[in-house]
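**Q** Predicted model, plus sequence, below.
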Amino acid sequence: MRWGLLSELALSDRTVAELCVLLGRPHNLVSYHLGRLRSERVVSRRRSAADGRDGYYTLDLHRCSELLAAAAVALHPGLNASPTQHERGVTSGGRRGRLLFLCTGNSARSQMAEALAVQLGAGAVEACSAGSHPKPLHPNAVRVMRARGIEIAGRRSKHLREFGEQHFDHVVSLCDRVREICPEFPGQPNLVHWSIPDPAREGGSDDETYPAFERTADELADRIRFLLELIAR
């Protein structure tokens with residue numbers, strides 16, 4: 001049961017109701033096992049920005065990696081895991097994968113994800129971003145990316161309808177609200193949801209919210225590395 005939950009959450013953040021449908025198990029049983037996984041810090045829950053009565057469960061892939069490696073060594077010392085390969089350049093069988101990142105304003109999260117995917121993909125993927133209600137690029141998004149050696153100043157925000165007729169391999173929603181209204185794209189791309197809070201909503205001045213943008217960039221970079229590895233394999 002727990003392995004089934006981990007397998008689903010490895011692909012996308014999910015609500016309890018969605019996990020019940022995917023696994024064909026009752027709500028109380030799914031909730032019980034999610035609670036056990038949360039107690040081991042393998043899974044966390046974030047309140048939905050679209051419907052505060054609901055929440056999205058997120059898998060901590062780094063924590064999973066640590067636990068799986070420890071289990072392997074406990075079984076036999078020769079099963080010591082090799083160093084991570086997430087930093088290597090990713091190839092996709094001669095064709096660049098196409099990724100589309102979506103959030104509400106296309107002013108921070110999706111713009112940062114697009115830039116990080118291009119950098120971390122090392123030429124193996126083409127990334128785009130858009131929003132349901134575009135607004136100007138947030139200055140902290142520019143600052144955080146610049147600190148990582150990526151310049152995004154001057155990039156325009158796009159409405160998701162600009163990409164409505166384009167084909168993508170993966171469409172990643174980063175905002176709970178956008179997920180609720182995400183349109184269908186041609187070619188049946190893999191739909192992924194990452195429930196990532198809007199760092200601009202932390203409140204205060206740009207300097208006060210800057211740490212939230214740094215945390216968002218760190219989370220996006222981690223998740224994108226794992227996604228690129230999945231695409232490569």
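**A** Thanks, I have the structure now.

**Q** Residue 168 reaches residue 188, doesn't it?
**A** No. With contact defined as CB atoms under 8 Å, residue 168 does not reach residue 188; the gap is 10.1 Å. Every C-beta, even on glycine, is put in place using the N, C-alpha and C of the backbone.

**Q** sec struct for residue 101, please.
**A** Each residue gets one of three states, and residue 101 gets strand by DSSP: H, G, I helix; E, B strand; the rest coil.

**Q** Chain neighbours aside, what residue packs nearest to the residue nearest the centre of the chain?
**A** Of all residues in the chain, the one closest to the mean position by CA atoms, centre = their mean is residue 194, 4.0 Å from it. Distance criterion CB to CB, 6 or more residues apart in numbering; nearest residue to residue 194, sequence neighbours excluded, is residue 174 at 5.3 Å.

**Q** Same question for residue 215.
**A** According to CB to CB, 6+ apart, the nearest residue to residue 215 is residue 199 (7.2 Å).

**Q** Also residue 158?
**A** Nearest-residue entry for residue 158: residue 130, 4.5 Å, with adjacent residues in sequence omitted and distances by CB to CB, 6+ apart.

**Q** Of residue 168 and residue 188, which one has the most company?
**A** Here residue 168 and residue 188 are compared on neighbour count by other CB atoms under 10 Å; more neighbours surround residue 168, at 20 against 8.

**Q** other SSEs contacting the helix or strand the residue nearest to residue 158 falls within?
**A** In this structure, residue 130 sits in strand 125-131 according to DSSP states H and E. Contacts of strand 125-131 with other secondary structure elements, assessed using 3 or more CB pairs under 8 Å, 6 or more residues apart in numbering; DSSP states H and E, are made with strand 97-103, helix 109-121.

**Q** relative to strand 97-103, how tilted is that strand?
**A** 20 degrees (axes from the mean of the first three to the mean of the last three CA atoms, to 10 degrees).

**Q** State the next helix or strand along the chain beyond strand 125-131.
**A** Along the chain past strand 125-131, the next helix or strand (assigned with DSSP H and E) turns out to be helix 139-147.

**Q** Any buried residues in that following helix, and which?
**A** Residues of helix 139-147 classed as buried under the neighbour-count rule (16 or more other CB atoms under 10 Å) are 140, 141, 142, 144, 145.

**Q** average pLDDT across the helix ranked longest in the chain?
**A** Using DSSP state H to assign secondary structure, the helix with the most residues in the chain is helix 206-232. Rounded to a whole number, the mean pLDDT of helix 206-232 is 92.

**Q** Same question for stretch 97-109.
**A** For stretch 97-109, mean pLDDT rounds to 95.

**Q** residues making contact with stretch 174-186?
**A** If you take CB atoms under 8 Å, 6 or more residues apart in numbering as the criterion, stretch 174-186 is touched by 48-51, 56, 100-104, 109-110, 113, 131-132, 160-161, 163-168, 171, 173, 191, 193-196, 198, 220.

**Q** next one: it to chain centre, how far?
**A** Its chain's C-alpha centre and that of stretch 174-186 lie 14 Å apart, by CA atoms, centre = their mean, to the nearest Å.

**Q** And it, end to end?
**A** The first and last residues of stretch 174-186 sit 20 Å apart, counting by CA to CA, to the nearest Å.
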